[in-house]
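From the sequence below, what's the structure:
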Amino acid sequence: IRPPMGFNNWYEMPLQYPPWRHGFNESELVRVAMTLVSSGLRDRGYKVVTLDCGWSTGYRTRAGRLQVNSTLFPSAAEGNSLRPLSDELGRMGLDLGIYTSGKQCCGPADRTDGSEGHEDADAEQFAEWGIKFVKDDDCGSSAAHFRRFSAAILRNRSAPMIYFIHSPWTHNNASHPSPAESVAIANAARTSNDNKPEWSAILGRARQNNAFAALARPGFHNDANMMEVGNGNLTAAESRSHFALCASVACRRKLLHSTVHLCYTQTAIASSSPYYDQQQRARLVTAGCVMRSPLTISTDISRATADTLSTLGHEELIAVNQDPLPTPARLIERTQRQREGPGLTPAFDAWVGPLHDNCSVALVVNLGSAALRERLQFGADLRLQLATYRVRDLWGRRDLGVMRAGIDLGVEEAHDNALYKICPLTVH
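Next comes the predicted model:
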């Protein structure tokens, strides 16, 4: 039971929104799938290939069934079905995921392919197609729609699907489902606005995600949005920090492919939840890995650089993301020593979280524009209880040995990070 990992074409495809236009088709999807296999990323865990909005014609048949755009996906022409594509991915050891929403793609008023009011029929059609992951967007989606779709998936126990929602509260909209209700109806919920391949956006989305850390639990995970690693003008260092944040700080989702995945809980989130106290939002999370968010690639990996593929496939960071304990790392409150200059500009952020083997993961992100060299103290900076630990540099894949009182930190590039596994001496 682990956070899902895979690919979604949303940030990869040519995009003008609004007006929206698609640029993704069957041959491109198969090319990406083949690259997941040939690059070794599939074997590292990236197995869900999700079609985002743009796969349908925009309209239903007279019988009310969704229609696949067979110009973009020619294998669907006979039988109006994505099953041939799903089966092709299955032969590669991959699963097909799909997009839906109350109003697909926030499209024109005459479009009829939205799932609002069609939840049972659409869930059944997705099951027929072999869909394993459903991304349910907030375009035209009501709270009742999310509840109905969740119930429709639960009723179809012979074809379990991971259910992910982008509910309205993501955009600071107090309409339901609230974060607490999202825990009860979905496997994961988006915690931030749409991402951008910009450093400020990466940090901002991490802050938004951290605000909902208390919701993380087996069966439900916060999703910090698809990864922009390899996109835009992000430097290699910024891409590494983005990936580290996603892997470690966001909540790790637990999923069982052999059962229905929805984890219903009676636990209510108190009114002290960050959802009700927007001013208490914690700051940035440094890398997707420590957020333990679902790891969703959204760059064209068939054209990706060696640096990008190396970052996305780093097995020790993926192991942090997939750790059995579903508790994300959290931001440690900054001390005065961690601030520099007259304006008290933060020099770095430190994120710390537990692992299942009684060790901890610590992520330090360099917020400055030059190299960061600090003595990172176990107590004052990381809030750890012991004076001596065994430390491993996860990015460097090397043991640093036994450290007393702290770690001599050296992050050479702006916006880069250091990620450590820190274990008591009793842990071997």
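
Ramachandran angles for residue 237?
Residue 237 has phi and psi values of phi -70, psi -40 when expressed as degrees, to the nearest 10.

what about the residue lying closest to it once chain neighbours are set aside, neighbour count?
Once flanking residues are discounted, residue 237 sits nearest to residue 416: 3.7 Å by CB to CB, 6 or more residues apart in numbering. From N, CA and C alone the C-beta is placed, and that goes for glycine too. The number of residues packed near residue 416 is 22, by other CB atoms under 10 Å.

Quick check: residue 416 touching residue 241?
Yes: using CB atoms under 8 Å, residue 416 makes contact with residue 241 at a distance of 6.2 Å.

Give me the common contacts of those two.
Shared contacts of residue 416 and residue 241 (CB atoms under 8 Å, 6 or more residues apart in numbering): residue 365.

Could you report the pLDDT at the nearest residue in space to residue 412 that is not next to it in sequence?
Leaving aside its chain neighbours, residue 412 sits nearest to residue 371 (4.9 Å; criterion: CB to CB, 6+ apart). Listed pLDDT for residue 371 reads 90.

do the same with the one 5 residues further on
According to the prediction, residue 376 has pLDDT 90.

Wasn't it part of a helix?
No: assigned with DSSP: H, G, I helix; E, B strand; the rest coil, residue 376 falls outside any helix and is strand.

ok, now how distant is it from residue 61?
61 Å (CB to CB, to the nearest Å).

Which residue of the two possesses the greater neighbour count?
Set side by side, residue 376 and residue 61 show more neighbours around residue 376, with 21 against 11, by other CB under 10 Å.

so that one makes contact with residue 382?
Yes: assessed by CB under 8 Å, residue 376 is found in contact with residue 382 at 6.8 Å.

which ones are touching the residue nearest in space to the middle of the chain?
Closest to where the C-alpha atoms of the chain average out (CA atoms, centre = their mean) is residue 294, at 3.4 Å. Residue 294 makes contacts with 3, 4, 5, 164, 188, 221, 223, 253, as judged by CB under 8 Å, 6+ apart.

Enumerate every residue touching the closest residue to residue 108 other than its chain neighbours.
Using CB to CB, 6+ apart and skipping the chain neighbours, the partner closest in space to residue 108 is residue 58 (7.9 Å). When contacts are counted by CB under 8 Å, 6+ apart, residue 58 is found next to 104, 107, 108, 111, 112, 113.

cutoff 7 Å now
Residues in contact with residue 58 (CB atoms under 7 Å, 6 or more residues apart in numbering) are 107, 111, 113.

all strands of the stretch 151-300 of the chain, in order?
Counting by DSSP state E, counting those that start in this stretch, the stretch 151-300 of the chain has these strands, from start to end: 162-165, 188-190, 221-223, 287-290, 295-297.

Any chance of TSV for those strands, columns mean pLDDT and distance to residue 389?
TSV is the format used below for those (pLDDT from 0 to 100; distance: least, CB to CB, whole Å):
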stretch	mean pLDDT	distance to residue 389
strand 162-165	92	36
strand 188-190	83	32
strand 221-223	78	28
strand 287-290	52	18
strand 295-297	90	27
